[in-house]
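**Q** Sequence and computational prediction follow.
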Amino acid sequence: MLNLLQKNCRCSVTLRNYFATYPVIARMQNKVIIKHEENDSRFTFSFIYSFKNNSPGRQFNLCRELEESSVQFVQRLQTNVSKVITKHHKKKKDEDQKVCARFYSDKDRFVFEDIETAKDLIYFPGIKMNLNGTDYDLVINPPLVEEVKIAEPILSTTFVYPFKLKTKFSDCQKFEWFVKKEHKEKSERKKIRLDSPDESDWKKLGEGFLFIPKTECLGGQLRLDVTPMYKDISGDKVTALSTSVVEAGPDARATISRQFRTREFRKHPYIRVMSYNILADCYAKKYDIFPQCPPFALEIEYRVHLIVNELVNFKADVICLQENDRKVYDYDLYPVLSHLGYEGEFIKKGGEVDEGLSVFYRKDRLEKLESKGVVLCESLQEPRFGHIWEKIRTNEALVERMMLPTSAINIVSFQSKDNSGKFLVVGNTHLYHKPDANHVRLLQAEMCLTELQLQKKEILKKHPDAEVGILFCGDFNSRPASGVFKYCIEGKIEADYPDWSSSPGEEVKELTLQHRFSLGSACGTPKYTNY
């Protein structure tokens, strides 16, 4: 239960790369912010106190036990403030100032001697604090912004958005964007600023989680104001400033022309699907495979803005991504797409790399039933793949090769919200990449199709009359003439197919594959798949 005692706080605070257990309080606010998580035995007690004239004040923070005696809590509060004041006065050679904290209430009869614990004190109706003549309201669990940055670099005509946004006790936020010309680069501050920006220096550009700086913003610094809210209650506004200026984005004409036909979402009975290998950061510079690409364009901080543009503007109902860094999923893609009505599922591939597969879907079109991730090499010896294991287990070189790739499949099952009798099973995978491994990719494709078939059977057990569609997406590292493509489309691969012998010493013998799906390529076989 949230106890929110103050409405429409209009103060602001500038936040730069800051995160702590304690909230950040704007300057000169006569209130105490108390954070108490449900079922937690401790609480935090934070406020600003100015002990000298014309001072912006200093924030004090306590973290105490709820069951601590009220007397001991007040003594600790006075001691903490007194230590800071005494230290200041010794430097200035001023007289010591005594600290007196007094609690009272305007609502109910309040007798401090009757209050046994700190919990009783902070939860007393209408409780207030007077600290050396300064009165404070006690506010428990107001909406808070604990951390926020602006995603950088900032490119014109490309989406910019809040980065690493963390809130507490908030169910929605208001986002306001501003630009300031003649920005001067400054070193990163070590401490948070507690003053409001000079509004005369800034021009408001718009509102919303996503914002596109126009060319007239070039060279300007951006500012983002975030106001956290819970129902009809607004918390303190928090301001994030960009550390760089708006730069010119890349030529977007090719992108715009590709997205000309996707300006609107599809409507029932159609869905639009997007599959995209977005190149994990750990591979972008590890191999010298992009000599034509300038180094700055390989930086994930640069690329992710262009990726977000693609994902948002293609207006897909289902998005399947490969080589999705976990940090990119957590801090960029999921926050942006969730604000646009998508939900997402991420699974990590096997091995030590922190990248994997993700599936996003529009919540107003599809209801998720189940999702799971399968790392193929870890499942090879399980009974459902017995027909594969029986044929390869005596070939040590082949078994070793099959255990090397960290390939996985992310399977998500849906029920249509437009037609409850229609279901969809989406499989998203990234098959092994080595050029001499057509046989490995064929085996991996069979494992993926087996998983999809089992998932379809599970749905039909619960919904015998259902119509279940299969959507098999991914980066198959295969050409149209490959065995993987032939098997998916035609439904069968004979034991003598050439791909079984793509690597000497690892031949797959006496294995014929067959599946029951009727699959077709959604986009045919284009001449180029990248450009």
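**A** On my side now, so go ahead. Residues are numbered from 1 along each chain as shown.

**Q** low-confidence ranges in the stretch 251-400 of the chain?
**A** Residues of the stretch 251-400 of the chain that meet the criterion pLDDT under 70 lie in 287.

**Q** any chance you could map the helices in the stretch 101-250 of the chain?
**A** With DSSP state H, counting those that start in this stretch as the criterion, the stretch 101-250 of the chain has helices at 118-122.

**Q** Just give me how far stretch 409-423 sits from the chain centre.
**A** 24 Å (Cα atoms, centre = their mean, to the nearest Å).

**Q** what's the model's confidence in it, averaged?
**A** On average, the pLDDT along stretch 409-423 is 97.

**Q** tell me which residues in it are buried?
**A** 409-416, 422-423 (16 or more other Cβ atoms under 10 Å). For glycine as for every other residue, the C-beta is placed from the backbone atoms N, C-alpha and C.

**Q** mind checking the end-to-end distance for that stretch?
**A** Terminal residues of stretch 409-423 are spaced 19 Å apart (Cα to Cα, to the nearest Å).

**Q** follow-up on the earlier one: quick check: strands, which of the buried residues of stretch 409-423 are part of them?
**A** With strands taken from DSSP state E, the overlap with the buried residues of stretch 409-423 comprises 409-416, 422-423.

**Q** And what about the residue nearest to the spatial centre of the chain, helix, strand or coil?
**A** Closest to where the C-alpha atoms of the chain average out (Cα atoms, centre = their mean) is Asp330, at 2.8 Å. The three-state label given to Asp330 by DSSP: H, G, I helix; E, B strand; the rest coil is helix.

**Q** Turn the ones in strands among the buried residues of stretch 409-423 into JSON lines, including distance to Pro383.
**A** Listed next are these as JSON lines, based on distance: Cβ to Cβ, whole Å:
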{"residue": "Ile409", "distance to Pro383": "18"}
{"residue": "Asn410", "distance to Pro383": "22"}
{"residue": "Ile411", "distance to Pro383": "18"}
{"residue": "Val412", "distance to Pro383": "24"}
{"residue": "Ser413", "distance to Pro383": "22"}
{"residue": "Phe414", "distance to Pro383": "27"}
{"residue": "Gln415", "distance to Pro383": "28"}
{"residue": "Ser416", "distance to Pro383": "32"}
{"residue": "Lys422", "distance to Pro383": "31"}
{"residue": "Phe423", "distance to Pro383": "25"}
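
**Q** Please identify which of these is nearest to Val32.
**A** Val32 lies nearest to Val412 out of these, by Cβ to Cβ, at 45.8 Å.

**Q** Which residue is the nearest non-sequential neighbour of Pro142?
**A** Distances taken as Cβ to Cβ, 6 or more residues apart in numbering put Gly235 closest to Pro142, at 4.8 Å, once the chain neighbours are dropped.

**Q** Quick check: beta-bridge partners of Thr429?
**A** For Thr429, the beta-bridge partners under DSSP bridges are Ile409, Gly474.

**Q** Roughly how far does it sit from Ala316?
**A** Thr429 sits 18 Å away from Ala316, going by Cβ to Cβ, to the nearest Å.

**Q** go on, Glu396?
**A** In this view, Glu396 and Ala316 are 43 Å apart by Cβ to Cβ.

**Q** more neighbours, the two?
**A** Ala316 (23 against 11; other Cβ atoms under 10 Å).

**Q** report the longest helix in this protein, please.
**A** As assigned by DSSP state H, the longest helix anywhere in the chain is helix 438-462.

**Q** If we go by neighbour counts, what in that helix is buried?
**A** By 16+ other Cβ under 10 Å, the buried positions in helix 438-462 come out as 438-452, 455-456, 459.

**Q** One more: stretch 24-39?
**A** For stretch 24-39, by 16+ other Cβ under 10 Å, it's 24-27, 29, 31-36.

**Q** Repeat that for stretch 504-519.
**A** Residues of stretch 504-519 classed as buried: 506, 508, 511, 513, 515, 519 (neighbour count, 16+ other Cβ under 10 Å).

**Q** again, but for stretch 323-338
**A** 323-325, 328-329, 331-337.

**Q** now those residues in JSON lines, with distance to Val179?
**A** Converted to JSON lines, those look like this (distance: Cβ to Cβ, whole Å):
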{"residue": "Glu323", "distance to Val179": "34"}
{"residue": "Asn324", "distance to Val179": "31"}
{"residue": "Asp325", "distance to Val179": "30"}
{"residue": "Val328", "distance to Val179": "26"}
{"residue": "Tyr329", "distance to Val179": "29"}
{"residue": "Tyr331", "distance to Val179": "23"}
{"residue": "Asp332", "distance to Val179": "22"}
{"residue": "Leu333", "distance to Val179": "25"}
{"residue": "Tyr334", "distance to Val179": "27"}
{"residue": "Pro335", "distance to Val179": "22"}
{"residue": "Val336", "distance to Val179": "21"}
{"residue": "Leu337", "distance to Val179": "25"}
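
**Q** what's the closest of those residues to Pro498?
**A** Out of these, the member with the shortest distance to Pro498 (by Cβ to Cβ) is Glu323, at 28.7 Å.

**Q** Surely that closest one forms part of a strand?
**A** Yes - under three-state DSSP, Glu323 falls within a strand.

**Q** doesn't His430 make contact with it?
**A** Yes - counting by Cβ atoms under 8 Å, Glu323 touches His430, with 6.8 Å between them.

**Q** what touches both of those two?
**A** 277, 475 (Cβ atoms under 8 Å, 6 or more residues apart in numbering).

**Q** can you list the weak-confidence ranges in the stretch 101-250 of the chain?
**A** Using pLDDT under 70, the stretch 101-250 of the chain drops low at 182-197.

**Q** Tell me which stretches of it form strands.
**A** 101-105, 127-131, 134-140, 144-150, 154-155, 162-168, 172-180, 203-207, 221-230, 233-234, 237-247 (DSSP state E, counting those that start in this stretch).

**Q** Which residues does the fourth one contact?
**A** Applying Cβ under 8 Å, 6+ apart, the external contacts of strand 144-150 come out as 15, 17-20, 23-24, 33, 35, 160, 162-170, 173, 222, 224, 226, 228, 235-236, 238, 240-242.

**Q** are any of those residues buried, and which?
**A** 15, 18, 23-24, 33, 35, 160, 162-165, 167-170, 173, 222, 224, 226, 228, 235-236, 238, 240-242.

**Q** Just give the nearest non-adjacent residue to Ile115, would you?
**A** In space, Ile115 is closest to Ser70, 4.5 Å off (Cβ to Cβ, 6+ apart).

**Q** quick one, what contacts the closest residue to Asn428 other than its chain neighbours?
**A** Take Asn428 and drop its neighbours on the chain: the residue closest to it by Cβ to Cβ, 6+ apart is Cys320, 4.0 Å away. Going by Cβ under 8 Å, 6+ apart, Cys320 touches 273-276, 357-359, 410, 426, 428, 473-474.

**Q** ok, the residues you listed vs Gly483, which is closest?
**A** Nearest member of the contacts of Cys320 to Gly483, counting by Cβ to Cβ, is Gly474, at 15.7 Å.

**Q** separation between the closest one and Asn309?
**A** To Asn309, Gly474 is 22 Å away according to Cβ to Cβ.

**Q** what does Asp251 give?
**A** Shown here: Asp251 relative to Asn309, a distance of 13 Å by Cβ to Cβ.

**Q** go on, Lys168?
**A** From Lys168 to Asn309 the distance is 31 Å (Cβ to Cβ).

**Q** next one: Lys87
**A** Counting by Cβ to Cβ - Lys87 and Asn309 are separated by 52 Å.

**Q** Would you mind telling me which of the two has more residues around it?
**A** Set Lys87 next to Asn309 and count neighbours by other Cβ under 10 Å: Asn309 wins out with 20 against 9.

**Q** Using the three-state scheme, assign that one.
**A** Following three-state DSSP, Asn309 is assigned to helix.

**Q** Now do the contacts for it.
**A** 158-159, 252, 255.

**Q** Name only those of the residues you listed that count as buried.
**A** 158-159, 255.

**Q** how close does the nearest residue to Asn130 once chain neighbours are set aside sit to Phe51?
**A** Nearest non-adjacent residue to Asn130, counting by Cβ to Cβ, 6+ apart: Arg102, 4.6 Å away. Relative to Phe51, Arg102 is positioned 16 Å away (Cβ to Cβ).
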